[in-house]
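> Task: produce atomic coordinates for the following.
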Amino acid sequence: MTPSAYLYADLKIFGGIKNQEAAQILLTDRPVANGESPRERARERTRLSREYVKSAPGDLPASFFADFAVSALRIANHMIAHLDTADAHERICRHYREDTVSGMVSALDAYGRRGQLYSNAVGHVATMPLANERSRCSVFILLFIVTGCLGDPAFAAAEAERFAESKLNGSFRTQTAQTIPSLTEPKAEPDGDNLLGLQRVVGGKLKPTVHPLDPAGTVVGALADGIADITDVDPDVSRRHLRIWRDRNRWLCEGLSSTNGTAIISGADKRVHVVEPPRSTRRVDWIAHPCEIAPADTLCLGATTRFMVIPIVK
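From the prediction side, this is the model:
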């Protein structure tokens, strides 16, 4: 199922909005080809299904769609009327915070569109300081529909934040770390190869996925959207938290003004080196400096996100 098909299916099942009605809300009435607008083309059932509902990421440009903020508010009003309960706003928030995340992530991953980034954006919306849940449900819906329409979670996250900042006086906020990192991590054998990767540590065990590091630079962060970037992180990791790159024969990392900071646990002697202290303890005159990393080191981002540095052999 494409992200777009997942979007339309959810609007129909949860929101009571049929595909034709959803298309008239989402698509623009501005002519884009042969004097015909996407909204007009969608009135024909076969075109609606083939060109819009089942469209794959990259098939449709943003210009085919109406103002996403306006569409999100219209869809929110439809859903509230359809649910017709006193807690409709809370139900919508819960639905897009919990029920739809795995489905959209799977749809994005099937097309190589980094579902983890969408999941991280959902977490940021859930913790965004807003006046009430009515405002939050509009941001959730905006994030969901932009992701479904375009299959681009990075663009969707940026649109959601722009909407929150301009209309709701809110912004994405990294959760503040509340716990002290454990220094007990699994061991890995160092290797002389000069290509490195990161392997996530969860519950003291290494996850099977290895994230290769790009010698030119890799950013680790909740909303990092570069091709080589890593988004497999917990909610207290900033959107762009840490940059890692190779300088000749050395691998270096540097904090990117993160909220909760980064430390390195040396694989050689378990000594802890602070790459960047948490913002709450950072001096005003703090200046970030590159720190060297090596195989068997553990990178500690925030309170719970841990990566083992491992060698990659060609």
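> which residues of the stretch 51-200 of the chain score low on pLDDT?
Applying pLDDT under 70 to the stretch 51-200 of the chain flags residues 169-193.
> Kindly recompute the last result at 80.
131, 167-193 (pLDDT under 80).
> Helices of that one, residue ranges please.
Taking DSSP state H, counting those that start in this stretch, the helices of the stretch 51-200 of the chain run over residues 68-83, 88-94, 101-110, 115-127, 133-150, 153-167.
> Just give the closest residue to Ile17, not the sequence neighbours.
Leaving aside its sequence neighbours, Ile17 sits nearest to Leu11 (CB to CB, 6 or more residues apart in numbering; 4.4 Å). The C-beta positions use only the backbone N, C-alpha and C, and glycine is treated the same way.
> May I have stretch 206-223 exported as PDB, CA atoms only?
Output in PDB follows, covering the C-alpha atoms of stretch 206-223 (Å, rounded to 0.1, in the frame of the first residue of the first chain):
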ATOM      1  CA  LEU A 206      23.000  -4.700  19.700                       C
ATOM      2  CA  LYS A 207      20.100  -4.300  17.200                       C
ATOM      3  CA  PRO A 208      20.800  -6.100  13.900                       C
ATOM      4  CA  THR A 209      20.700  -3.000  11.700                       C
ATOM      5  CA  VAL A 210      24.100  -1.400  11.000                       C
ATOM      6  CA  HIS A 211      24.000   2.300   9.900                       C
ATOM      7  CA  PRO A 212      27.100   3.000   7.800                       C
ATOM      8  CA  LEU A 213      28.800   6.400   8.300                       C
ATOM      9  CA  ASP A 214      29.500   8.600   5.300                       C
ATOM     10  CA  PRO A 215      33.100   9.800   5.400                       C
ATOM     11  CA  ALA A 216      31.800  13.200   4.100                       C
ATOM     12  CA  GLY A 217      29.400  13.500   7.000                       C
ATOM     13  CA  THR A 218      26.500  11.800   8.700                       C
ATOM     14  CA  VAL A 219      24.000  13.600  11.000                       C
ATOM     15  CA  VAL A 220      22.300  11.700  13.800                       C
ATOM     16  CA  GLY A 221      18.900  13.300  14.800                       C
ATOM     17  CA  ALA A 222      15.200  12.800  15.100                       C
ATOM     18  CA  LEU A 223      14.400  14.800  12.000                       C
END
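> hang on, the earlier thing: of all the helices of the stretch 51-200 of the chain, which gets the most neighbours per residue?
Among these, ranked by average contacts under mean count of other CB atoms under 10 Å, first place goes to helix 133-150 (a mean of 25).
> Can you report how many residues neighbour Glu44?
Here the count is done by other CB atoms under 10 Å, and Glu44 has 12 residues near it.
> about what we covered before: so which of the helices of the stretch 51-200 of the chain gets nearest Leu213?
helix 115-127 (16.9 Å; CB to CB).
> how about the CA coordinates for the closest one, as CSV?
C-alpha atoms of helix 115-127 as CSV (Å, rounded to 0.1, in the frame of the first residue of the first chain):
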residue,chain,number,x,y,z
GLY,A,115,9.5,5.9,8.0
GLN,A,116,11.5,6.4,11.2
LEU,A,117,11.6,10.1,10.4
TYR,A,118,7.8,10.2,10.3
SER,A,119,7.6,8.3,13.6
ASN,A,120,10.0,10.8,15.2
ALA,A,121,7.9,13.7,13.9
VAL,A,122,4.8,12.2,15.5
GLY,A,123,6.7,12.1,18.8
HIS,A,124,7.6,15.8,18.5
VAL,A,125,3.9,16.8,17.8
ALA,A,126,2.9,14.7,20.8
THR,A,127,5.2,16.8,23.1
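> Quick check: Leu195 touching Pro295?
No: Leu195 is not in contact with Pro295 according to CB atoms under 8 Å; the separation is 10.3 Å.
> quick one, which of the two is more surrounded?
Pro295 (21 against 16).
> Does the more buried one lie in a helix or a strand, and which?
Using DSSP states H and E, Pro295 maps to neither a helix nor a strand.
> before we move on, back to that, which stretch of helix or strand covers the residue nearest to Ile17?
Using DSSP H and E, the element containing Leu11 is helix 3-13.
> Identify the residues contacting Cys230.
One thing to correct before we go on: residue 230 is Ile, not Cys. Residues counted as contacts of Ile230 (CB atoms under 8 Å, 6 or more residues apart in numbering) are 198, 211, 218-221, 224, 307.
> So which of these wins on neighbours?
Counting neighbours by other CB under 10 Å, Val220 comes out on top of these with 28 neighbours.
> quick one on the thing from earlier: got any residues that touch both of Leu195 and Pro295?
Pro311.
> What lies in contact with stretch 102-118?
1-3, 5-6, 10, 56-57, 101, 119, 143-144, 147-148, 151-154, 156-157, 222-225, 231-232.
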